[in-house]
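Trainee: compute the structure for the input listed below.
(2 chains, ligands or ions: 2)
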Amino acid sequence: MSGVVIVGAGQAGLEAAAALRAQGYQESVTLIGDEPHPPYQRPPLSKEYLLGKQGADNLPLRGRVFYEKHGITLRMGETVASIDRAAHRIQTGKGEIPYGKLILATGARNRVLPVPGAERALYLRTWDEADTIRRRIEGSVRVAVIGGGFIGLEIAAAARTLGKAVTIIEALPRLMARAVSPPLSDFFRDVHRGEGAEVLLDSTVREIAEDAVVLTDQRRCAADLVLAGIGVVPNMELARGAGLATGNGITVDEFLKTSDPDIYAIGDCADHPNLFAGGRARLESVQNAADQAKCAARGIVGNPTPYRDVPWFWTDQFGVRFQMAGLSAGHDRTALRGSVENRKFSMFYFKQARLLAVDSVNRFGDHIAARKMLAAGTPLTPEQAADETVDFKKLGVTAP
Amino acid sequence: MPNVTYIAHTGESQTIDVATGMVVMEGAVKNGIDGIVAECGGACMCATCHVYVDEAWLDRLDPIGEEQEEMLGATAAERKSNSRLSCQIRMRPEFDGLVVRMPDRQT
Ligand SMILES: Cc1cc2nc3c(=O)[nH]c(=O)nc-3n(C[C@H](O)[C@H](O)[C@H](O)COP(=O)(O)OP(=O)(O)OC[C@H]3O[C@@H](n4cnc5c(N)ncnc54)[C@H](O)[C@@H]3O)c2cc1C
Ligand code: FES
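Mentor: Residues are numbered from 1 along each chain as shown, chains lettered A, B, ... in the order given. Ligands and ions are numbered 1, 2, ... in the order given. The predicted model follows:
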């Protein structure tokens, strides 16, 4: 039995197909996805595309000719229902497909609000959902955004930029609390407030009524459009149904192999050992999707090397570019470089005197230096990080 | 429509119409040109759309922005004086005939 079948035609799935061919893989490659559109980018959906600044023809990750040229069979609008591991084949609504190696790139789906009226809220994950939100924003006056994470804040920024009255409702005491430190949360709160959005923290939703979001303390936020971005859950039912190990995602080893050596899992669905997390992690980013795709492809072509890439991420809100390198969870010390007031600064995170991560606001040089220092393990002290006369390029920083 | 010639590191060359307003990276990924990977989709975050711009065209391009300048420090292949990120070159009618060479690797 030969050939690779990839389940899930999102960014991770597409990059895996591309990486297999780039690495010289000769046998068949089949990419199966349940969405109608061929693989496309999600980041613009909450940014330029929502703002109408970028058209639909920029969303696909590759043109049709790419798949033909590389002999990649693209099967869109097809859902994989089960995996028969013993027989090495998968079952879709349209039939059976044999595989030599299987890559699960099933991604994640939005968590749905567990409150009455939740069906009134719109969520953003797919191209089609972005189109719906675009249309609905156009006709709305007051927009409530539930969830102050990256996607919620990007949607809020887009709605505000389009001239809508915007209220952001966050259950925790600060924005993006899972990912950034308090000074950055405060910075982005001030950015959104400065642009005229209302930011409600420590505010839990009790119900979504027809014309308002009702909070547990009885406050009502009038809204004719409610958008929710309260996180995602990994798509791992297919893996679980096949008896593969799962945890906070599909469990894989450092080569991204599941508990079945012929099955890999990559991207948003993969619960993997991450050097930079100091343990297992499941990351939701373009970097992780693309780099894990290449890592799985290396394994399949017989050149296995562990997944060790430096995590990076970005978000754009009101023209502020925020870039992250590394993973800051578990830090015990921070150092600030630059000026928060001038909207050009970086926050460096350390754990036991080792650099963990760097968050940069409009400081592109710091971000790239951070990626290189993290990749190379370059020693850096908090004092050096905070001292603008220290040139990172002279600290023996080499290309990653 | 203005056209762009993409030359692979192997010497293979392809000339493609790239509409005004599109970036040079898009012309490549839409038309199955392999030397440009563009993982971040043009967000100036990945440096996998690195090209060497033909010297004759260098002066006519916009100056390199701060963000691109830093990202060019993280390319997989050697950065040269004519290195650019192709997602940061937006087509104008006067770029008709632009020639870019792609490095031997992007990752
Ligand atoms: C609005 C938005 C903005 C974002 N912005 C950024 C950003 O600025 N920077 C950044 O780094 N990251 C960003 N991300 C995250 C990034 O887009 C994701 O991490 C990336 O798309 C993950 O790719 P994936 O292929 O693992 O998963 P997905 O993109 O979710 O793809 C998985 C695909 O598999 C399909 N599928 C699942 N199960 C089956 C099945 N059984 N059969 C067939 N098909 C199946 C799904 O429908 C889906 O199409 C953003 C995400 C969103 C939604
Ligand atoms: S496409 Fe990522 S930097 Fe150009």
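Trainee: which residues does A:G338 contact?
Mentor: By CB atoms under 8 Å, 6 or more residues apart in numbering or on different chains, the contact set of A:G338 is A:K344, A:F345, A:S346, A:R363, A:D366, A:E388. Glycine gets a C-beta too; all of them are placed from N, C-alpha and C.
Trainee: buried only: go through these for me.
Mentor: A:F345, A:S346, A:R363, A:D366 (16 or more other CB atoms under 10 Å in any protein chain shown).
Trainee: tell me the pLDDT of the spatially most central residue of chain B.
Mentor: For chain B, the residue nearest the mean C-alpha position is B:S86 (2.6 Å; CA atoms, centre = their mean). pLDDT, B:S86: 98.
Trainee: near ligand 1, which residues of the stretch 51-200 of chain A? Just list them.
Mentor: A:T79, A:V80, A:A105, A:T106, A:G107, A:A108, A:L124, A:R125, A:I151 (CB under 6 Å from any ligand atom).
Trainee: let's have those residues in a markdown table, adding secondary structure, neighbour count and pLDDT.
Mentor: Compiled in a markdown table, these are given as follows (DSSP: H, G, I helix; E, B strand; the rest coil; neighbours: other CB atoms under 10 Å in any protein chain shown; pLDDT from 0 to 100):
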| residue | secondary structure | neighbour count | pLDDT |
| --- | --- | --- | --- |
| A:T79 | coil | 14 | 98 |
| A:V80 | strand | 22 | 98 |
| A:A105 | coil | 32 | 99 |
| A:T106 | coil | 29 | 98 |
| A:G107 | coil | 25 | 98 |
| A:A108 | strand | 19 | 98 |
| A:L124 | coil | 20 | 98 |
| A:R125 | coil | 19 | 98 |
| A:I151 | helix | 27 | 97 |
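Trainee: just those now: which is nearest ligand 1?
Mentor: Among these, A:G107 lies closest to ligand 1 (CB to the nearest ligand atom), at 2.1 Å.
Trainee: hmm, back to that, now intersect the buried ones among the contacts of A:G338 with the strands, please.
Mentor: A:F345, A:S346 (DSSP state E).
Trainee: could you list which of the buried ones among the contacts of A:G338 also contact ligand 2?
Mentor: Within the buried ones among the contacts of A:G338, nothing lies near ligand 2 by CB under 6 Å from any ligand atom.
Trainee: hmm, back to that, the residue nearest to the centre of chain B against B:M25, yeah?
Mentor: Yes. The pair B:S86 / B:M25 is scored as a contact, 4.1 Å apart, by CB atoms under 8 Å.
Trainee: residue of chain B nearest ligand 1, please.
Mentor: Closest point on chain B to ligand 1, by CB to the nearest ligand atom, is B:A43, at 7.0 Å.
Trainee: what's that residue in contact with, if anything?
Mentor: Neighbours of B:A43 in contact, by CB under 8 Å, 6+ apart: A:P43, A:W314, B:C87.
Trainee: selection in ChimeraX covering whichever of those residues are buried, please.
Mentor: Applying 16+ other CB under 10 Å to the contacts of B:A43 leaves a buried subset, and the ChimeraX line that selects it is:
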select /A:43,314 /B:87
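Trainee: and the contacts of B:A43 as a markdown table, adding secondary structure and distance to ligand 2?
Mentor: What follows is the contacts of B:A43, written out as a markdown table (DSSP: H, G, I helix; E, B strand; the rest coil; distance: CB to the nearest ligand atom, whole Å):
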| residue | secondary structure | distance to ligand 2 |
| --- | --- | --- |
| A:P43 | helix | 11 |
| A:W314 | strand | 10 |
| B:C87 | helix | 3 |
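Trainee: which one of the contacts of B:A43 is nearest B:F95?
Mentor: B:C87 (14.7 Å; CB to CB).
Trainee: touching, the closest one and B:H50? I think so.
Mentor: No. Between B:C87 and B:H50 there is no contact under CB under 8 Å: 9.8 Å.
Trainee: what's the closest non-adjacent residue to residue 89?
Mentor: Went with chain A since none was named. Nearest non-adjacent residue to A:R89, counting by CB to CB, 6 or more residues apart in numbering or on different chains: A:P98, 4.5 Å away.
Trainee: that's the other chain; I wanted chain B
Mentor: B:V24 (4.4 Å).
Trainee: same thing with A:A159?
Mentor: A:V143 (4.5 Å).
Trainee: now for that neighbour: which residues touch it?
Mentor: A:V143 touches A:I137, A:A156, A:A159, A:K164, A:A165, A:V166, A:T167, A:A223, A:D224, A:L225, A:V226, A:L227, counting by CB under 8 Å, 6+ apart.
Trainee: measure stretch B:15-29 end to end?
Mentor: 13 Å (CA to CA, to the nearest Å).
Trainee: please identify the helix or strand for A:S82.
Mentor: Using DSSP states H and E, A:S82 sits in strand A:80-84.
Trainee: after that strand, next one along is what?
Mentor: strand A:89-92.
Trainee: name the residues that touch that next one?
Mentor: So strand A:89-92 is in contact with A:5, A:7, A:32, A:75, A:78-84, A:96-99, A:102, going by CB under 8 Å, 6+ apart.
Trainee: list the buried residues in it.
Mentor: A:R89, A:I90, A:T92.
Trainee: where along chain B do the strands fall?
Mentor: B:3-7, B:13-17, B:50-53, B:83-85, B:98-101.
Trainee: which one of those strands lies closest to ligand 2?
Mentor: Comparing these under CB to the nearest ligand atom, the one sitting nearest is strand B:83-85, at 4.5 Å.
Trainee: pull the number of nearby residues for the residue in the stretch 151-300 of chain A positioned nearest to chain B.
Mentor: Residue nearest to chain B within the stretch 151-300 of chain A: A:A290 (4.3 Å; CB to the nearest CB). Neighbourhood size, A:A290 [other CB atoms under 10 Å in any protein chain shown]: 27.
Trainee: just B:R60 next, same as before
Mentor: Every residue meeting other CB under 10 Å relative to B:R60 is counted, giving 11.
Trainee: contacts only, for it.
Mentor: Counting by CB under 8 Å, 6+ apart, B:R60 has contacts B:E94, B:F95.
Trainee: how much space between the residue nearest to A:A159 and A:L50?
Mentor: Separation of A:V143 from A:L50 (CB to CB, to the nearest Å) stands at 12 Å.
Trainee: how about A:S360?
Mentor: For A:S360, the distance to A:L50 - CB to CB - is 24 Å.
Trainee: repeat for A:V7
Mentor: 28 Å.
Trainee: who's more crowded, those two?
Mentor: A:V7 (29 against 23).
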